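K.L.:
could you look at this predicted model? Sequence included:
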Amino acid sequence: MERGRYLTPEKLLKKRDFYKKAFVDMLGFPLSCPPASGKTDMKKTFVVKDKNVNIFRMRLEIAGIPLYGILLEQENKDAQTPFVVCLHGGQGTPEMICGMHLGSANYNQLARRLTDRGCSVFCPQLLLWDTQRYGNVFDRKDIDAKLKQLGGSVTALELYLLSRAIDCFAENGICGKRLGVAGLSYGGMYALHLAAYDERICACLAEGQFNDRFRYSWTDWSYRGALKKFGDAEVAALICPRALAVCVGSNDELFCAETAKAEAERVKPFYKTFGKENNFDFYVFEGVHEADRGDRGINFLLSHL
């Protein structure tokens, strides 16, 4: 397998910067460009206090591009309070993953389970909402195609926005150094890629997406030459030796658990070579395409923050 020869544990030990740059170059603009100058504008609007958190609507403008999200901030936070970026999936919204209205769908209260464990949580809106329900119609695949013609991708753009949002939160004392990321489905893909790109992320929980990308070659998850260099296992390797948990439901109707297992086996040698076997956890839970209702993944994530 060509990508197995391209990136090995021994090569990653010696040339991490080389492989990180290759990953960024593959995703393209704007990650591959110098950081944009100028201050990020941030508007933080209080909504309500609920249990142990204050809930805010967040509006950021990053290099002229707006980013909206929900911040659930621990009332008694300090510099040691864990901070988790919590990412929704296809047709999702921050309100949905927070369980604020229309239930929490297949997220199973993921964001609120994190806040109940003492985390502050930021749930951004990705370019994935249900346009029939919420309006503001867009064509994600067309946007991605146009960005690829410009040398970028929608993945690169959204990772750039998420990383710059973390910059802004750090500058404003909203988050400290105990940073994590968690997500389901598309959110799991972004969680995996954000942790690979942004080395401030201490721990990652990616649910319901880790798999064989040749079998699941969705156009907005596909990049030129990717399967010669970076499938899911190689993206995960870039996170090593930091903590990573990946899981999939045994009856997931979108992604096969068996091919996820095979891809996860390719990650283990990296963690073994770095002497951090306990920093990688792959498991299959009883369920469908949903966030694990159990606590294994959350326990793992929080134990490394």
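P.N.:
Perfect, I can see it now. What you see is a predicted model, and the numbers here were worked out from it, not measured in a lab.
K.L.:
and stretch 97-109, what's buried?
P.N.:
97, 98, 99, 100, 104, 105, 106, 107, 108, 109 (16 or more other C-beta atoms under 10 Å). C-beta here means a position set from N, CA and C on the backbone, and glycine is covered the same way.
K.L.:
what about the last one, distance to residue 72?
P.N.:
So that's residue 109. Distance, residue 109 to residue 72, using C-beta to C-beta, to the nearest Å: 12 Å.
K.L.:
what residues do those two have in common as contacts?
P.N.:
Counting by C-beta atoms under 8 Å, 6 or more residues apart in numbering, residue 109 and residue 72 have no common neighbour.
K.L.:
hmm, back to that, okay, the buried residues of stretch 97-109 in JSON lines with secondary structure next?
P.N.:
Converted to JSON lines, these look like this (DSSP: H, G, I helix; E, B strand; the rest coil):
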{"residue": "97", "secondary structure": "helix"}
{"residue": "98", "secondary structure": "coil"}
{"residue": "99", "secondary structure": "coil"}
{"residue": "100", "secondary structure": "coil"}
{"residue": "104", "secondary structure": "coil"}
{"residue": "105", "secondary structure": "helix"}
{"residue": "106", "secondary structure": "helix"}
{"residue": "107", "secondary structure": "helix"}
{"residue": "108", "secondary structure": "coil"}
{"residue": "109", "secondary structure": "coil"}
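K.L.:
could you work out the most separated pair of those?
P.N.:
100 and 106 (15.6 Å; C-beta to C-beta).
K.L.:
coming back round to it: where's the dip in pLDDT among the buried residues of stretch 97-109?
P.N.:
Lowest pLDDT among the buried residues of stretch 97-109: residue 104, with 80.
K.L.:
contact partners for that residue?
P.N.:
96, 97, 98, 110, 112.
K.L.:
turn those into a markdown table, including distance to residue 265.
P.N.:
Below are the contacts of residue 104 laid out as a markdown table (distance: C-beta to C-beta, whole Å):
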| residue | distance to residue 265 |
| --- | --- |
| 96 | 33 |
| 97 | 30 |
| 98 | 35 |
| 110 | 26 |
| 112 | 33 |
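K.L.:
just the closest of the residues you listed to residue 286, please.
P.N.:
residue 110 (17.0 Å).
K.L.:
lovely, talk soon.
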